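Q: Show me how the following folds:
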Amino acid sequence: AAAAQAHGDRAHGGAEAHGGAPEAKGRHGKGVVSVSLSAAPQHPVVLSEFQRWVAELVEERWKDLYRIKGVLHVHASNRLYVFQGVCGELKGQYQRPWREGEERRSELVLIGQDLQRTLLEEQFLECTVGGARTAQPAPKKEA
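A: Numbers count the residues shown, from 1 in each chain. Coordinates of the predicted model:
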């Protein structure tokens, strides 16, 4: 968890979630949250594992997951990767090169019903270099 800084669950529609004035209550209903996740620059995302995880997440939680968006620092790429998903439709593409001095941090926001930040954070970090999904098995020692 040291590689990520989770910004926490925030009730969707509040001033904290949007950085402005609170919206009218009851817009989405009870249990809708915005979860912000990030991975430190030294933990770039392995794109194939991220895509696999997001597809699995949407397949399992399609009724509860309203929107996903983010910018990813992809391993072995000097370009930022912009990702979004709405109503189960997922799209992502490489955009501009990272600027000199710009922190290459992956940032992801998920909006949905009853999202569990801790679980999502663990699953997201598994998609980074050195994460559980990307870890290479230790070489066998010869006797």
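Q: For the protein, which segments count as helices?
A: Ranges of helices in the chain, per DSSP state H, are 15-18, 47-61, 117-125.
Q: Reformat those helices as TSV; add mean neighbour count, mean pLDDT and distance to residue 79.
A: Just so you know, the C-beta spots here come from the backbone N, C-alpha and C atoms, and that holds for glycine as well. TSV is the format used below for the helices of the chain (neighbours: other Cβ atoms under 10 Å; pLDDT from 0 to 100; distance: least, Cβ to Cβ, whole Å):
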stretch	mean neighbour count	mean pLDDT	distance to residue 79
helix 15-18	14	33	28
helix 47-61	16	95	11
helix 117-125	18	96	20
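Q: out of the ones you listed, nearest to residue 94?
A: With Cβ to Cβ as the criterion, residue 94 lies closest to helix 47-61 of those, at 9.5 Å.
Q: In terms of secondary structure, what does the closest one contact?
A: strand 65-73, strand 79-86, strand 89-97, helix 117-125 (3 or more Cβ pairs under 8 Å, 6 or more residues apart in numbering; DSSP states H and E).
Q: 7 Å instead, please
A: Packing partners of helix 47-61 (3 or more Cβ pairs under 7 Å, 6 or more residues apart in numbering; DSSP states H and E): strand 65-73, strand 79-86, strand 89-97.
Q: Looking at these, spot the one closest to residue 133.
A: Closest among the helices and strands packed on helix 47-61, using Cβ to Cβ: strand 65-73, at 14.5 Å.
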